[in-house]
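K.L.:
below are the sequence and a predicted model; questions follow.
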Amino acid sequence: MRSSNPVFSRRGFSRDNGHAGFNAAPQAGGPAVGTTPYATNPYATNPYAPQQGAQLGGPQAPARPDVMTIDDVVSRTGMTLGTVVLTAVLSWVLLPVDPANLGKSYGIAIGAALVALVLSLIQSFKRKPTPALILAYAAFEGVFLGVISSAVSTYLSPGVVVQAVMGTMAVFAGVLFAYKMRWIRVTRRFYGFVMAAAMGFVLLMVANMLFSVFGGGDGLGFRSGGLGIIFGIVGIILGACFLALDFKQVEDGVAYGAPREESWLAAFGLTLTLVWIYLEMRGRFPTPHGTPRRPPA
């Protein structure tokens, strides 16, 4: 089972060689094998379903205490997001962005972002989730978000952070509701479209950043003006699609008895997606009068 999430696309809940205990029948109350509506997508070959030739239609295996549950995913996601929020608030308070300290705070934020990137890549290449690594990623990501959000709120728009947080929550709630109502169905075509769109989007943003760094100005203009608004909306839509893939990943993991430790990976993926949506949301709100604000004296 694969996902477009930056972490799940490399490791996820996929299984090529198998792990002990993964081939149990679905947990009691879960969907019966063979009844999935996603029969033509990569998720249809579920790593937790019985191997080919196993007896189907027999009694379902009883729920085991060491398998992933929704409560596990919720609690791990709460811990990971809580770490992000806590460190973001602390960095907002302890790392001032006034003119005298702006350069230092920006340096710390960029360093934290690089560390978070490295930790996320390390986790994505590990076969098993490491809670300490995931929480460390969340802490450094929070430092980056706290400083950047404080600077945007101070110099551009005082209400942009609250608006971005509310927008992120609205997207999460809306996608979850649509997924539960089965208005969104994760099919092979859906998966392929999201992956192709995400790769194209990231390549364009990297090109824009390089042109901005070496050529000055706004680069290719993908983050400013009308074109910037369009690309920002596309980024938010991609984030919503990532959420749908994450929800499908969690749903299958719970239904087919994934190991409990996989809930940490689910929390990691959801956190990455929510950070993506927040950053895109934060950049979509206009600056008052189109000019930067001066920091308070």
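P.N.:
Received the coordinates, thanks.
K.L.:
what's the first helix or strand after the helix or strand bottoming out on mean pLDDT in the chain?
P.N.:
Lowest by mean pLDDT, DSSP states H and E among the helices and strands of the chain is helix 188-215, with a mean of 82. Using DSSP states H and E, the helix or strand that follows helix 188-215 towards the C-terminus is helix 225-255.
K.L.:
quick one, that following helix and helix 188-215 angle?
P.N.:
140 degrees (axes from the mean of the first three to the mean of the last three CA atoms, to 10 degrees).
K.L.:
show me what whichever strand or helix holds Val74 is packed up against.
P.N.:
Using DSSP H and E, Val74 maps to helix 70-94. If contacts are counted by 3 or more CB pairs under 8 Å, 6 or more residues apart in numbering; DSSP states H and E, helix 70-94 sits against helix 102-125, helix 131-155, helix 225-255, helix 262-282. Where you see a C-beta, it was placed from the backbone N, CA and C, and this is true even at glycine.
K.L.:
out of those helices, deepest packed?
P.N.:
Among those, helix 262-282 has the highest mean neighbour count (mean count of other CB atoms under 10 Å), at a mean of 25.
K.L.:
got the CA positions of that one in CSV?
P.N.:
Extracted as CSV, the C-alpha positions of helix 262-282 are listed here (Å, rounded to 0.1, in the frame of the first residue of the first chain):
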residue,chain,number,x,y,z
GLU,A,262,2.7,2.0,12.6
SER,A,263,0.4,4.5,14.2
TRP,A,264,3.6,6.7,14.7
LEU,A,265,4.1,6.6,11.0
ALA,A,266,0.5,7.6,10.4
ALA,A,267,0.9,10.5,12.8
PHE,A,268,4.1,11.5,11.1
GLY,A,269,2.4,11.6,7.7
LEU,A,270,-0.6,13.6,8.9
THR,A,271,1.7,16.1,10.6
LEU,A,272,3.7,16.6,7.4
THR,A,273,0.5,17.1,5.4
LEU,A,274,-1.0,19.6,8.0
VAL,A,275,2.3,21.6,8.0
TRP,A,276,2.1,21.7,4.2
ILE,A,277,-1.4,23.0,4.3
TYR,A,278,-0.6,25.6,7.0
LEU,A,279,2.3,27.0,5.0
GLU,A,280,0.2,27.3,1.9
MET,A,281,-2.6,28.9,3.8
ARG,A,282,-0.3,31.4,5.4
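K.L.:
quick check: angle from it to helix 188-215?
P.N.:
Using the same axes, to 10 degrees: helix 262-282 against helix 188-215 is 50 degrees.
K.L.:
pLDDT averaged over helix 262-282 - what is it?
P.N.:
The predicted model assigns helix 262-282 a mean pLDDT of 92.
K.L.:
repeat for stretch 101-115
P.N.:
Taken as a whole, stretch 101-115 carries a mean pLDDT of 87.
K.L.:
what's that stretch in contact with?
P.N.:
Contacts with stretch 101-115, where a contact means CB atoms under 8 Å, 6 or more residues apart in numbering, come from 91, 95-97, 140-141, 143-144, 146-148, 150-151.
K.L.:
can I get the residues you listed in a markdown table with distance to Tyr278?
P.N.:
Output for the contacts of stretch 101-115, formatted as a markdown table (distance: CB to CB, whole Å):
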| residue | distance to Tyr278 |
| --- | --- |
| Ser91 | 15 |
| Leu95 | 19 |
| Pro96 | 22 |
| Val97 | 18 |
| Phe140 | 16 |
| Glu141 | 10 |
| Val143 | 15 |
| Phe144 | 11 |
| Gly146 | 12 |
| Val147 | 14 |
| Ile148 | 10 |
| Ser150 | 14 |
| Ala151 | 15 |
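K.L.:
pick out whichever of the residues you listed sits closest to Met181.
P.N.:
Nearest to Met181 among these: Glu141, at 31.2 Å, using CB to CB.
K.L.:
OK, contacts around the nearest residue to that closest one once chain neighbours are set aside?
P.N.:
Distances taken as CB to CB, 6 or more residues apart in numbering place Ala116 nearest to Glu141, at 4.4 Å, with adjacent residues excluded. By CB under 8 Å, 6+ apart, the residues touching Ala116 are 137, 140-141, 144.
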